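Asker: Can you look at this prediction? I've put the sequence above it.
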Amino acid sequence: MRHRRNTTKLKRTAAHRRSLLANLACSLIEHGRIRTTLAKAKALRPVAEKMIGLGKRGDLHAIRQAVAFLRQKDTVKKLFNEVAPLSKDRQGGYCRITKLGARMTDSAPMAVIEWVDQPIVEEAAEAPAAVAAEPAPVVEEAPAAEEAAAKPAKKKATKKAKAEADAE
């Protein structure tokens, strides 16, 4: 019987599943938000929240446990120095899963998993404002038009030359 067995297997062996979750957790720590399938996001949430718990503890044993699971020292440094301190006042629920709908290719349900306390970076909103502030560059089109007119004439001449050479 499966009493209180809550492991989501994701149709993988134990070692493959552990590596998958470690890689997803590293990506989440590095980028703050990742897009994946709903099943993987739900499997990742407890792992990511345990990593935040280790980051909040901050002692040597917690660092060693995080390195043992994640296997990337630079990601562990970011976890302990940047990500975990943002959640120091929160007692749990560090991750948010937002459903996106079905993937176009195979209709798999997709989701975004992100940190709740992550500062929001709106790069898309800033980019148009920066472009609007800069003056538009002046482009001279006359030389390009002359070159474009000259190139097809050369191609036609070479085709004619080849046709005359083949006829002789």
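Answerer: That came in fine, so what should we check first? Numbers count the residues shown, from 1 in each chain.
Asker: Residue 23 versus residue 72, what's the distance?
Answerer: In this structure, residue 72 and residue 23 are 9 Å apart, going by Cβ to Cβ, to the nearest Å. Quick note: C-beta positions are derived from backbone N, CA and C, even for glycine.
Asker: I should have written residue 94 there, sorry.
Answerer: Relative to residue 23, and taking Cβ to Cβ, residue 94 is found at 19 Å.
Asker: neighbour count winner among those two?
Answerer: For the pair residue 94 and residue 23, the greater number of neighbours falls to residue 94 (24 against 14), based on other Cβ atoms under 10 Å.
Asker: Ignoring the adjacent residues along the chain, who's closest to the more buried one?
Answerer: In space, and not counting its chain neighbours, residue 94 is closest to residue 52: 4.6 Å by Cβ to Cβ, 6 or more residues apart in numbering.
Asker: Do I have it right that that neighbour meets residue 87?
Answerer: Yes. Using Cβ atoms under 8 Å, residue 52 is in contact with residue 87, at 5.6 Å.
Asker: would you say residue 36 is within a strand?
Answerer: Yes. Counting by DSSP: H, G, I helix; E, B strand; the rest coil, one finds residue 36 located in a strand.
Asker: That one: how many residues sit nearby?
Answerer: Using other Cβ under 10 Å: residue 36 sits among 21 other residues.
Asker: please renumber so the chain begins at 4
Answerer: Sure thing, new numbering starts at 4, so read that last one as residue 39.
Asker: thought it was touching residue 114?
Answerer: Yes. Taking contacts as Cβ under 8 Å, residue 39 lies within contact range of residue 114: 6.6 Å.
Asker: hey, which helix or strand in this structure has the poorest pLDDT?
Answerer: The weakest-scoring helix or strand in the chain, judged by mean pLDDT, DSSP states H and E, is helix 126-136 (a mean of 51).
Asker: can you count the residues close to the residue nearest to residue 97?
Answerer: A total of 23 residues lie near residue 55 under the criterion other Cβ under 10 Å.
Asker: does it belong to a helix or a strand, and which?
Answerer: Using DSSP states H and E, residue 55 sits within helix 41-60.
Asker: Residue 30 in helix, strand or coil?
Answerer: Residue 30 ends up helix, using three-state DSSP.
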